[in-house]
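# My questions are about this predicted structure, shown below with the sequence.
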Amino acid sequence: MTVKIQDILVRDPKKEGLANDGQARIRNEESSQADHELRAELSSFVSDGQYGRAMERILSGYLKHLTRDRQLAAWISGFYGSGKSHLLKMLGHLWQNTTFSDRSVARGLVVGLPSEVAAHLQELDQTAKRLGVSRFAAMGQLPAGSGEFVRATIASIVLGARKLPTQVPLAEFVFWLRDQGIAKTVQADVEKAGKNWLREVESLYVSPLIASAVIKAMPSFAPTEADARRAFAAQYPALKQDVDTHRFIKVIRSALEENGQLPLSIIVLDEVQQYIGDSPQRAADVTEAVESLYTKLDCRALVIGAGQSALSTNTPTLLRLRDRFSVTVELSDTDVEAVTRRVVLSKKPSHMSAIKTLLDRHAGEIERHLKSVPRLAAKRDDERTIVTDYRSSPRAVAFGKNVSALWTPRDRKAS
């Protein structure tokens, strides 16, 4: 009996691919596909090892600083493909314990969540309940080469997570409607006309529907729709330069506040290093914006940034950030290997013994084939990982190719 590789794996790669194609995407999207992808990511999240230690450090630091003068900010670094975005995305959803349409929750989908992390998340829940607030996560990727509107760009991530217009002036218009007590009425009138509210707000300066709805709800605002649109354009003009720190924090507070209180919040900024590039000014603006977030939001906002380089490197633009991101985590290829073993290469228990027996039986002959290639030659810890790595690492691939030539009828029967 011939045994194929897919027959010994828990996850048949020909039938069951990775829901996210191996690339975590941090985005504010509501769709059945996004839900399916998120559920699959949570279910296969390897939360121990370096990922678990990173979450434990970040969560414990946040909880300790809730009653101090300022919060912490964290920086996660690692090479491309090390799992930074995946870790950030999982932490954000575990933080707010995202609920799905079938009432399942993020924390219930993760298998083997470390006890320390689970305890910190429980303490987070209890603290939020005691304060009478919710837990909220805003996550987004900073777009490379997106201009110099740094604070407005960061604000857009928080606004989008709150299902608000992502442009600061348009969000301020919605806040004004809310302050006037007519936000729900105006939105309902626009949606009654068959329009999507957020898309219609993007056309604020020319929208007859919004102008008409505002006049209907507040007759004294303007005599005509044209006058209303002119007033919108004058009061909430498009940005010609970045917002200052005062306006930035005011917008963030307006977006986050619930009954006058701020929720326990995590603000995830992915690809910060790529966004900054080689711009000293952008680095300075990011540094100032991050500091204002963890010092001016009642110690309730935790900021996490990410980049490929550690802040201890001699990259001039990153050195500006070093004093602001006091919790640093550097991911390594060890974590990627652990994920690969647990998610991609996981073997059916019924085949583990046969694989080990086969590899042991032909070890001597295989070693003679491979000793001329240093990177594939035998190593001390091979015994610990060769079965789980089969056929993934360069050495295991070569091992497998040679074993296939030696695979006897007796071996096939044994497997």
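Sure thing, it's come through.
# Give me the neighbour count for residue 162.
18 (other Cβ atoms under 10 Å). Just so you know, the C-beta spots here come from the backbone N, C-alpha and C atoms, and that holds for glycine as well.
# wait, it sits on residue 253?
No: counting by Cβ atoms under 8 Å, residue 162 does not reach residue 253; the two are 11.6 Å apart.
# quick one: secondary structure of residue 38?
helix (DSSP: H, G, I helix; E, B strand; the rest coil).
# so what's it up against?
89, 93, 98 (Cβ atoms under 8 Å, 6 or more residues apart in numbering).
# out of these, which is most surrounded?
Neighbour count (other Cβ under 10 Å) singles out residue 89 as the most crowded of those, with 24 neighbours.
# Could you check how far that one is from residue 245?
According to Cβ to Cβ, to the nearest Å, residue 89 and residue 245 sit 28 Å apart.
# cool, and residue 203?
29 Å.
# before we move on, what about residue 300?
Distance from residue 300 to residue 245, by Cβ to Cβ: 18 Å.
# do the same with residue 171
Taking Cβ to Cβ, one finds residue 171 at 17 Å from residue 245.
# quick one, which of these two is more surrounded?
residue 171 (23 against 15).
# pretty sure the more buried one contacts residue 256?
No: with contacts counted by Cβ under 8 Å, residue 171 stays clear of residue 256, the gap being 11.8 Å.
# Find me the pLDDT at the residue nearest the centre of the chain, would you?
The residue lying closest to the centre of the chain (Cα atoms, centre = their mean) is residue 89, at 2.3 Å. On pLDDT, residue 89 comes in at 93.
# and if you look at residue 72?
89.
# One more: residue 228?
pLDDT, read off for residue 228, is 97.
# Contact partners for it?
Counted by Cβ under 8 Å, 6+ apart, residue 228 has contacts 211, 214-215, 221-222.
# let's see it at 10 Å
Residues near residue 228 by Cβ atoms under 10 Å, 6 or more residues apart in numbering: 207-208, 210-215, 218, 221-222.
# likewise residue 257?
133, 263.
# I'd like the distance between it and residue 155.
Residue 257 is 14 Å from residue 155, by Cβ to Cβ.
# Can you list the low-confidence ranges for the stretch 101-250 of the chain?
145-147 (pLDDT under 70).
# the strands in it, which residues?
According to DSSP state E, counting those that start in this stretch, the stretch 101-250 of the chain carries its strands in the segments 135-141.
# where's residue 30 relative to residue 160, distance?
With Cβ to Cβ as the criterion, residue 30 and residue 160 are 11 Å apart.
# ugh, typo on my part, it should be residue 46
28 Å.
# So for the two, which sits in the more crowded spot?
residue 46 (23 against 20).
# which SS state does that one fall under?
Assignment for residue 46 (three-state DSSP): coil.
# And for residue 289?
Under three-state DSSP, residue 289 comes out as helix.
# How many residues are close by it?
So residue 289, with other Cβ under 10 Å, has 24 neighbours.
# With residue 170 instead?
Residue 170, neighbours per other Cβ under 10 Å, totals 21.
# I'd like to check which residues are in contact with it.
159, 164, 198, 201-205, 232, 236, 238.
# Relative to residue 158, how far out is it?
Counting by Cβ to Cβ, the gap from residue 170 to residue 158 is 14 Å.
# CA atoms of stretch 110-124 as PDB?
Coordinates of each C-alpha in stretch 110-124 appear next as PDB, following Å, rounded to 0.1, in the frame of the first residue of the first chain:
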ATOM      1  CA  VAL A 110      -8.200  29.600  20.500                       C
ATOM      2  CA  VAL A 111      -6.900  26.200  21.600                       C
ATOM      3  CA  GLY A 112      -4.200  26.100  24.400                       C
ATOM      4  CA  LEU A 113      -4.300  29.800  25.400                       C
ATOM      5  CA  PRO A 114      -1.500  30.100  28.000                       C
ATOM      6  CA  SER A 115      -2.900  30.400  31.600                       C
ATOM      7  CA  GLU A 116      -1.100  33.700  32.200                       C
ATOM      8  CA  VAL A 117      -2.600  35.300  29.100                       C
ATOM      9  CA  ALA A 118      -6.100  33.900  30.000                       C
ATOM     10  CA  ALA A 119      -5.700  35.300  33.500                       C
ATOM     11  CA  HIS A 120      -4.800  38.800  32.200                       C
ATOM     12  CA  LEU A 121      -7.700  38.800  29.800                       C
ATOM     13  CA  GLN A 122     -10.000  37.800  32.700                       C
ATOM     14  CA  GLU A 123      -8.600  40.700  34.800                       C
ATOM     15  CA  LEU A 124      -9.200  43.000  31.800                       C
END
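# buried residues in that stretch?
110, 113-114, 117, 120-121, 124 (16 or more other Cβ atoms under 10 Å).
# cool, and stretch 58-70?
58-62, 65-66.
# Any chance of those in TSV with pLDDT, secondary structure and distance to residue 289 as columns?
What follows is these, written out as TSV (pLDDT from 0 to 100; DSSP: H, G, I helix; E, B strand; the rest coil; distance: Cβ to Cβ, whole Å):
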residue	pLDDT	secondary structure	distance to residue 289
58	96	helix	19
59	97	helix	23
60	96	helix	25
61	95	helix	20
62	96	helix	19
65	95	coil	19
66	95	coil	21
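# Isn't residue 41 up against residue 92?
No: in this structure residue 41 lies outside contact range of residue 92 using Cβ atoms under 10 Å: 11.5 Å.
# Need the residues touching each of those two.
Joint contacts of residue 41 and residue 92 (Cβ under 10 Å, 6+ apart) are residue 106.
# what sits against the residue lying closest to residue 155 once chain neighbours are set aside?
Distance criterion Cβ to Cβ, 6 or more residues apart in numbering; nearest residue to residue 155, sequence neighbours excluded, is residue 251 at 5.3 Å. By Cβ under 10 Å, 6+ apart, the residues touching residue 251 are 151-152, 155-156, 158-159, 164, 168-169, 171-172, 175, 243.
# Appreciated, that's everything.
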